[in-house]
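In: Give the three-dimensional model of this entry:
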Amino acid sequence: MSTVSAKSMKPYMPALILAGFMLAALAVWLPGAHSDPAPEPPVLKEIDERLSSGSARLSELMQVTNARPLFHASRRPVAEPEAPAQPKAVLKLLGIIAEDGSETRAFVKLSTSSNLYRIGKGETIGKWRIVDIGREEITVSKDGKKPYTLKIGG
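Out: Numbering: from 1, shown residues only. Sure thing, here's the model as predicted:
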């Protein structure tokens, strides 16, 4: 039988050490053929179910929390500002023109518009109907209601 001396093994030592480490790493990292995956413990299943139902409840609560301002004493939802009401239109008499041999006309303006209108008796502008035109005033009826008088500049 021949004996192997330490001097003759010296060139192979790094390769043998590396091979040993590789075998140890394979033994640690590769699962054994005989080991079965462990069944999930029932406690973990229960925790998973509670977490999923809890997250659904949390999302519901977050919606309610977000709707109520955190730093207001009443914690009531902030009311949306109402749109400003449209100003009511008012008919203004600016002047009357009467020419010989032609119909008398009134110059009127709506307070909600910059347009100037020249209208005669019986004509309408918006909700107003001109009932009569005098020398310094007109009689109008709004929405078919009782007529009233408008004076120039008034």
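
In: To what extent is I119 buried, counted in neighbours?
Out: Number of residues near I119 (other C-beta atoms under 10 Å) recorded here: 17. Quick note: C-beta positions are derived from backbone N, CA and C, even for glycine.

In: now swap in T124 and tell me
Out: T124: 11 neighbours (other C-beta under 10 Å).

In: now do the one 4 residues further on
Out: Counted with other C-beta under 10 Å, the burial measure for W128 works out to 20 neighbours.

In: Next, give phi and psi for it.
Out: phi -100, psi 140 (degrees, to the nearest 10).

In: ok, it - contacts?
Out: L91, V140, S141, K142 (C-beta atoms under 8 Å, 6 or more residues apart in numbering).

In: Distance of T112 relative to Q86?
Out: 8 Å (C-beta to C-beta, to the nearest Å).

In: What sits closest to G95 if chain neighbours are left out?
Out: With C-beta to C-beta, 6 or more residues apart in numbering as the criterion, G95 has its nearest non-adjacent residue at 4.4 Å, and that residue is F107.

In: quick one, which of T112 and Q86 is more surrounded?
Out: More crowded of T112 and Q86, by other C-beta under 10 Å: T112, with 12 against 7.

In: Low-confidence regions, the protein specifically.
Out: Applying pLDDT under 70 to the chain flags the ranges 1-4, 6, 31-41.
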